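Trainee: Fold the following.
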Amino acid sequence: MKGTTVIGILKDGKGCIGADGQVTMGEMVLKHKAQKIFKLYKGQVLAGFAGAVADAFALFENLERKIEDAKGDLVKACVNFAKEWRTDKFLRRLEAIMIVLNKEKILIVSGNGEVVEPEENVAAIGSGGPYAYASALALLKHTNLSPREIVIESLKIAARLCIYTNEEFQILEI
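Mentor: Model prediction:
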């Protein structure tokens, strides 16, 4: 997915997700402060997306319903959500990829039916995702920064390297 950076981290029983605010269409910046991350399920789940904005909003509604149906079981909810996303006539056309996390799990969920739990408790998506991911891994290993501080520093590095990422960050924590 081109056009954003979203990163999520779990550390010391805390979860944090952050995203830049840039929205582009082709080579043009349309918006600088878009909301790409949200709290779901009574504030116990954080989620962020890369991809088409309208598609992501439709997906968040379905994801929250699945989390409620699974009574907060994030893995079960995300597997059922990915299954529906992949097979539903309407949903399967929606183009986005998501990071979903609570205090215990972090997952990457896609419309291809993938639900991946990263080994390092770090997930990053979007065009700046690889930069933010590498930065977060180094900071996790070599510093005592909080999850929030790691997310912010990783987004700053991604913004310096990725032309589709700006420095208008949103951060959410649980």
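
Trainee: looking at this, residue 148 is in a strand?
Mentor: No - checked against DSSP: H, G, I helix; E, B strand; the rest coil, residue 148 lies outside a strand; its state is helix.

Trainee: For the nearest residue to it once chain neighbours are set aside, what is the enclosing helix or strand?
Mentor: Ranked by Cβ to Cβ, 6 or more residues apart in numbering and with sequence neighbours excluded, the top spatial neighbour of residue 148 is residue 16, at 5.0 Å. All C-beta atoms are positioned from the backbone trio N, CA, C, and that covers glycine. Using DSSP states H and E, the element containing residue 16 is strand 14-19.

Trainee: Residue ranges in this protein under the pLDDT threshold?
Mentor: Residue ranges of the chain with pLDDT under 70: 1-2.

Trainee: Strands of that one, residue ranges please.
Mentor: Taking DSSP state E as the test, the strands found in the chain are 6-11, 14-19, 23-25, 28-31, 37-40, 45-51, 96-101, 106-110, 115-116, 122-125, 170-173.

Trainee: strands paired with the fourth one, and their directions?
Mentor: The sheet places strand 28-31 alongside strand 23-25 (antiparallel), with pairing taken from DSSP bridges.

Trainee: With just CA atoms, put stretch 4-19 into CSV.
Mentor: Only the C-alpha atoms of stretch 4-19 are listed here, as CSV (Å, rounded to 0.1, in the frame of the first residue of the first chain):
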residue,chain,number,x,y,z
THR,A,4,1.0,6.1,4.7
THR,A,5,2.8,4.7,7.7
VAL,A,6,1.2,2.9,10.6
ILE,A,7,3.1,1.2,13.3
GLY,A,8,2.0,-0.7,16.4
ILE,A,9,4.1,-1.9,19.3
LEU,A,10,3.6,-4.1,22.4
LYS,A,11,6.0,-3.7,25.3
ASP,A,12,5.8,-4.2,29.0
GLY,A,13,2.0,-4.9,29.0
LYS,A,14,1.3,-1.7,27.0
GLY,A,15,0.2,-1.2,23.5
CYS,A,16,0.7,1.8,21.3
ILE,A,17,-0.2,2.5,17.7
GLY,A,18,0.7,5.6,15.6
ALA,A,19,0.2,6.9,12.1
